[in-house]
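1. Build me a model:
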Amino acid sequence: MVEKQELRGIVRLAGADMKGEKQLMIAIRQIKGIGPSMANAVVKVGGFDPKKKIGLLSDSELKKLEDIVTNPKKHNIPKWALNRKNSPDTGEDDHLISSELTFANRQDIKNLIDMKCYRGTRHMYGLPARGQRTRSSFRKGKTVGVVKKKNKPATKK
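-> Just a heads-up that it's a prediction; the model follows:
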């Protein structure tokens, strides 16, 4: 006779809180740095049922899931699913999640600004860095519009 497992309300996984009633595929996408394709790869490598609710997973299954999410290269997740290919620091392929990803993005932008390359100066001035037009877009917070000269009343001759 199989015991009925209790549904957990909130599950903490890799620094993110997830509602226990969500399906596994959708719930692990709550972790910053994991999108749909990475979630699919994690579920397939781990041998989990993607429709199973995350609150019904046992502690050992949650540990296994967290290990796959934090070390995807160790579990043979394909290179194309990783979010940091050819890292400028190490030259290796990594997958960063949560605060590590945020920190790495900030550092990359800071390095661009320090190099004073085109993309760095665009980031520094808060302008678009990928070639978009700026005539009508990206005008938030700056002076907008044209000031017209006031017409003086006509003088009598």
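2. Lys116 versus Lys79, what's the distance?
-> Lys79 is 32 Å from Lys116, where distance means C-beta to C-beta, to the nearest Å. Every C-beta, even on glycine, is put in place using the N, C-alpha and C of the backbone.
3. Same check on Asn76?
-> From Asn76 across to Lys116, the span is 41 Å (C-beta to C-beta).
4. Please enumerate the strands of the protein.
-> Using DSSP state E, the strands found in the chain span residues 10-13, 16-19.
5. And the average pLDDT for the last one is what?
-> What it means is strand 16-19. Along strand 16-19, the predicted local confidence has a mean pLDDT of 89.
6. Can I get that strand as PDB, trimmed to CA atoms?
-> What follows is strand 16-19, C-alpha atoms only, in PDB (Å, rounded to 0.1, in the frame of the first residue of the first chain):
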ATOM      1  CA  ALA A  16      13.800  30.800  -5.400                       C
ATOM      2  CA  ASP A  17      10.400  30.100  -3.800                       C
ATOM      3  CA  MET A  18       7.900  28.200  -5.800                       C
ATOM      4  CA  LYS A  19       4.300  27.400  -5.300                       C
END
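7. for that strand, which positions count as buried?
-> Buried residues in strand 16-19, defined by neighbour count with 16 or more other C-beta atoms under 10 Å: 16, 18.
8. What of the first one?
-> Neighbour-count burial for strand 10-13, counted by 16+ other C-beta under 10 Å, picks out 11, 13.
9. go on, stretch 19-26?
-> Applying 16+ other C-beta under 10 Å to stretch 19-26 flags 20, 22, 24-26 as buried.
10. by contact count, what packs against the lengthiest helix in the chain?
-> As assigned by DSSP state H, the longest helix anywhere in the chain is helix 98-115. Using 3 or more C-beta pairs under 8 Å, 6 or more residues apart in numbering; DSSP states H and E as the contact criterion, the neighbours of helix 98-115 among helices and strands are helix 118-124.
11. can you list the residues that contact stretch 82-91?
-> The set of residues external to stretch 82-91 that reach it, using C-beta atoms under 8 Å, 6 or more residues apart in numbering, is 33, 38, 72-73, 79, 92-96, 101, 104, 108, 111.
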